[in-house]
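Visitor: Sequence and computational prediction follow.
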Amino acid sequence: MKAYVNQKACIRCGLCPTLCPEVFSLDDSGSPAQVITDDIPQEQQIAAKAAADSCPTQAIRTEL
Ligand code: SF4
């Protein structure tokens, strides 16, 4: 599974790195959230999907 963050839609709420820090990262530079895993391992896919479903601006897209 892969995940993508729409950089324009992310409002840096901090939810995705909290729910799934192995896949999403938010640094102090003011940049939008970044996906740090190219191919999401099986054991992190539920958390990554939960982050996508919980994103307040629907900025995260996942695809198999
Ligand atoms: Fe950005 Fe959505 Fe992640 Fe919040 S949950 S930091 S808005 S991508």
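Guide: Happy to help now that I have it. Numbers count the residues shown, from 1 in each chain.
Visitor: looking just at contacts, which helices and strands does the helix ranked longest in the chain meet?
Guide: As far as residue count goes, and with DSSP state H defining each element, the longest helix of the chain is helix 45-54. In this structure, helix 45-54 packs against strand 2-5, helix 15-19, strand 60-63, with contacts taken as 3 or more C-beta pairs under 8 Å, 6 or more residues apart in numbering; DSSP states H and E. (C-beta placed from N, C-alpha, C; glycine too.)
Visitor: Enumerate the residues of this protein near the ligand.
Guide: 5, 10-16, 24, 26, 32-33, 55-57, 59-60 (C-beta under 6 Å from any ligand atom).
Visitor: If any of those residues are buried, give me the PyMOL selection for them.
Guide: The command below creates a PyMOL selection of those among these that count as buried (16 or more other C-beta atoms under 10 Å):
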select buried, resi 5+10+15+16+24+26+33+55+59+60
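Visitor: How many neighbouring residues does the closest residue to Cys20 other than its chain neighbours have?
Guide: Of all residues not flanking Cys20 in the chain, Ala47 sits nearest, at 3.9 Å (C-beta to C-beta, 6 or more residues apart in numbering). Neighbours of Ala47 under the rule other C-beta atoms under 10 Å: 17.
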